[in-house]
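Trainee: Return a 3D structure for these sequence lines:
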Amino acid sequence: MKKAEVVFIPFPGVSHLVSTLEFAKLLINRDNRLRVTVLVIKFPHISENDVNTKSLPISDSLNIINLPEVSLPPNTNPGFASMPALLEAQKPNVKQAVSNLTTGGGENGVLATIVVDMFCTTMIDIAKEFSVPMLVFFTSGVASLGLNLHIHTLRERDNVDSTQLQQQKELAIPTFAHLFPSSSLPGSVLSKEWEPFFMSFIEGLKNADGIIVNSFEELESHAVHSFFNHPELTSLPIIYPVGPILSPEPKTKDVVGSDIINWLDDQPLSSVVFLCFGSRGCFDEDQVKEIAHAIENSGAHFVWSLRKPAPKGAMAAPSDYTLSDLCSVLPEGFLDRTEEIGRVIGWAPQAQILAHPAIGGFVSHCGWNSTLESIYFGVPIATWPLFAEQQVNAFELVCELKISVEIALDYRVEFNSGPNYLLTADKIEKGIRSVLDKDGEFRKKMKEMSEKSKKTLLEGGSSSIYLSRLIDYIMNQV
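Mentor: Residues are numbered from 1 along each chain as shown. Okay, the predicted model is just below:
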């Protein structure tokens, strides 16, 4: 029998690519009637994707195709703003790749569906051309999905613009049980400049045949149920919460990793706070000094992943500091004074560190992958969002789910103008002390949620049931 061919089109960002590849593996391990082809798009001039695709076990059921690089029109804005132009330019390559799969003779399966990343929904016309359904892979949570859809509806139906949104102190959003503060809305919703991108991206979600979400019903039960019973959401595409889709531990301990893990082995249980802000998180010198004072004043044992910002105006990711740069950006003598109780590192093997029993709290930007890892390993978060939908995640963790503590819910870094305020040492210190509190109610709740996250993809768990429904839907297309 021919296999059902599922084509994935991930967004080129590392965090999206990693969870897409993990989900592809989950599908083919779950059902051997499926074959997955991942079409990898590269951002021009950025080579971060290679790392992830090279380490994959190549099998008959998983096929990776790196699409040719394209050049963009000369006046295209750099970085994320170039996405629409990049996707448009890649459409002929995507069509060709899908066409080759459908005419490949005996070895390929029957094209069943195209699964596009949440930011790649303009590819819907390709799914139409091949007469297959288009599913969307949404790499954030169900509450966040609902928020985006609701804001889109407000704009379309009631003509509410970003200024009016900010004037309302709080919004009633179907996927949140509590009123949502407008100060925690994502930057993409608040900025005029992003409005066209936001509107077309959500329009694409509403036109999909189904939305696969990297979350699970036990975590976001109110949000999931609202999709099945709130009048504003029931007419929208069906959702499949099939998470948590996590990237497992790196197989080899790299040098940085093993040093840190060995140091953690000597620390008391749940005593260390881990500060890490994702693949793009970094701060200017003023903010770094506030964090350092907070750490030192708290007296807590710590591992701090501190990254150096790219030069102003450059689209590069943050890099690691040299030792001399590090000494100049930190308060004088900080490294010597904290030598016994902490480590300042560059890039961090995050999952390995979170999994370590010495870690008691996580000061995090609340990116969704990091949030799911933290929940999986049962480590409470002190929230410090930076951009994208991280403010939404922070509010959900602290106010809806009560499994984390707040450092900030409304801190944001604007793409062109930097952060909206300086977070002071006393506020950060308070967050560090709170998140390490052994008796905090949030810690008990986080442990319970951790247990649920480990069971949900097993037989009978909610994510396992949704995954079966999704596979049935795909197989029915063949």
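
Trainee: Next, work out how far apart the residue nearest to residue 309 when sequence neighbours are not counted and residue 68 are.
Mentor: Closest residue to residue 309 apart from its sequence neighbours, by C-beta to C-beta, 6 or more residues apart in numbering: residue 282 at 4.3 Å. The way it works is simple: take the backbone N, C-alpha and C, and place the C-beta from them, glycine included. Residue 282 sits 32 Å away from residue 68, going by C-beta to C-beta, to the nearest Å.

Trainee: When the two are compared, which one has more neighbours?
Mentor: Comparing residue 282 with residue 68 by other C-beta atoms under 10 Å, the one with more neighbours is residue 282, at 18 against 11.

Trainee: where's residue 302, which helix or strand?
Mentor: Element membership of residue 302 [criterion: DSSP states H and E] is strand 301-305.

Trainee: and that strand, which strands flank it?
Mentor: strand 272-276 (parallel), strand 342-345 (parallel) (DSSP bridges).

Trainee: After the longest one, which helix or strand is next?
Mentor: Right, the one you point to is strand 272-276. helix 285-298.

Trainee: Please apply the same query to the shortest one.
Mentor: Counting by DSSP H and E, the element after strand 342-345 in chain order, helix or strand, is helix 350-354.

Trainee: Now do that next one: everything it contacts.
Mentor: 246-250, 253, 257, 260-261, 264, 274, 276, 303, 305, 359, 362, 370, 373-374, 377, 379 (C-beta atoms under 8 Å, 6 or more residues apart in numbering).

Trainee: Let's test this: mean pLDDT of it, rounded?
Mentor: Helix 350-354 shows a mean pLDDT of 96.

Trainee: Let me know the secondary structure of the residue nearest to residue 410 when sequence neighbours are not counted.
Mentor: Leaving aside its sequence neighbours, residue 410 sits nearest to residue 183 (C-beta to C-beta, 6+ apart; 4.1 Å). Here residue 183 is recorded as helix under DSSP: H, G, I helix; E, B strand; the rest coil.

Trainee: if we can go back for a sec, list only buried entries from the contacts of helix 350-354.
Mentor: Buried members of the contacts of helix 350-354, counted by 16 or more other C-beta atoms under 10 Å: 246-247, 257, 260-261, 264, 274, 276, 303, 305, 359, 362, 370, 373-374, 377, 379.

Trainee: Inside strands: which ones of the residues you listed?
Mentor: Cross-referencing these against strands under DSSP state E gives 274, 276, 303, 305, 359, 362.

Trainee: what's the farthest-apart pair in these?
Mentor: By the measure C-beta to C-beta, 305 and 359 form the most distant pair in those, at 12.6 Å.

Trainee: Dead centre of this structure: give me the residue that sits there.
Mentor: residue 368 (3.7 Å; C-alpha atoms, centre = their mean).

Trainee: Any idea how many residues pack against the residue nearest to it when sequence neighbours are not counted?
Mentor: Nearest in space to residue 368, with sequence neighbours left out and distances taken as C-beta to C-beta, 6+ apart, is residue 140 at 4.3 Å. Residue 140 is flanked by 27 other residues according to other C-beta under 10 Å.

Trainee: low-confidence ranges in the stretch 251-400 of the chain?
Mentor: Where the stretch 251-400 of the chain drops to pLDDT under 70, the residues are 251-256.

Trainee: do the same with the stretch 1-150 of the chain
Mentor: 45-58, 78-81, 104-107.

Trainee: Try it again at 50.
Mentor: Across the stretch 1-150 of the chain, the ranges flagged by pLDDT under 50 are 49.

Trainee: ranges for the strands of it?
Mentor: In the stretch 1-150 of the chain, the segments counted as strands under DSSP state E, counting those that start in this stretch are 4-9, 34-40, 62-66, 110-117, 134-138.

Trainee: Out of those strands, which is closest to residue 424?
Mentor: strand 134-138 (35.1 Å).

Trainee: which other residues reach that closest one?
Mentor: 8, 10, 19-20, 23, 113-118, 121, 123-124, 127-128, 145, 204-205, 207-214, 237.

Trainee: Restricted to helices, list the residues you listed.
Mentor: 19-20, 23, 124, 127-128, 145, 204-205 (DSSP state H).

Trainee: Kindly indicate which of those residues lies nearest residue 269.
Mentor: Nearest to residue 269 among these, with distances taken as C-beta to C-beta, is residue 19, at 30.0 Å.

Trainee: picking up where we left off before, closest to residue 295 out of the ones in strands among the buried ones among the contacts of helix 350-354?
Mentor: The closest of these, once distances to residue 295 are taken by C-beta to C-beta, is residue 303, at 10.4 Å.
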